[in-house]
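In: Pasting the sequence and the predicted model now:
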Amino acid sequence: MSGKPRASYGRTATLIVLAVLVLTVSATVYLSMAKYELDRAPPAETIDYDAELARLKHVTLVLTILLISALLILLFVVGAYLLIRVGRMVARNPVGGKPTPYVDVWQSYRLTDEEIAAATREEPPGGEAGRRPASPGEPPPGPRPPSPPVEE
């Protein structure tokens, strides 16, 4: 084996999703602040306390959203890291005990090659003409004799 470490696709995917989340939150905060600056009236010589209070509420809302987003990103990163670690630990340890030995339970029901050959042999059409002679253990050709009645 080579000394190169294996590529970790889980870490790469986690970093990509983290970067997308950070960029999304940053873009949202930037667009929110830019929209607020456009909506703001030009500064007057007198201080409008209502406008200043609205601006402070807006900044507080943006900072709250930013803090919640940062916490959610941190939760995602920690959860993804733990999920990757648990997955590796589970994959490393095999589940179950030792494998059981193979036992061929159908062995007694399998036909031998001789039985298959005897069962697939074709009889010539025409009856007895092409029949082979009977071997010592084989019954003679022809109809079977009737079996004796069973007494009770």
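Out: It's in.

In: other SSEs contacting the lengthiest helix in the chain?
Out: For the chain, the helix that runs over the most residues, judged by DSSP state H, is helix 49-92. Using 3 or more Cβ pairs under 8 Å, 6 or more residues apart in numbering; DSSP states H and E, the elements in contact with helix 49-92 are helix 9-39. Any C-beta I mention is one placed from the backbone N, CA and C, and that applies to glycine too.

In: Next, the buried residues of the helix it packs on.
Out: Thr14, Leu21, Val25 (16 or more other Cβ atoms under 10 Å).

In: what does stretch 72-89 give?
Out: Within stretch 72-89, the residues scored as buried using 16+ other Cβ under 10 Å are Ile73, Ala80, Ile84.

In: Just the mean pLDDT for that stretch, thanks.
Out: Average pLDDT, stretch 72-89: 86.

In: Can we start the residue count at 634 from this point?
Out: Got it, first residue is 634 now, which makes that one stretch 705-722.

In: Residues contacting it, please?
Out: The contact list for stretch 705-722 (Cβ atoms under 8 Å, 6 or more residues apart in numbering) reads Ser641, Gly643, Arg644, Thr647, Val650, Leu651, Leu654, Val655, Val658.

In: out of the residues you listed, who's nearest Glu748?
Out: Gly643 (56.8 Å; Cβ to Cβ).

In: Would you mind stating the distance between the closest residue to the closest one other than its chain neighbours and Ala724?
Out: Nearest residue to Gly643, sequence neighbours excluded (Cβ to Cβ, 6 or more residues apart in numbering): Ile717, at 4.3 Å. Here Ile717 is placed at a distance of 11 Å from Ala724 (Cβ to Cβ, to the nearest Å).
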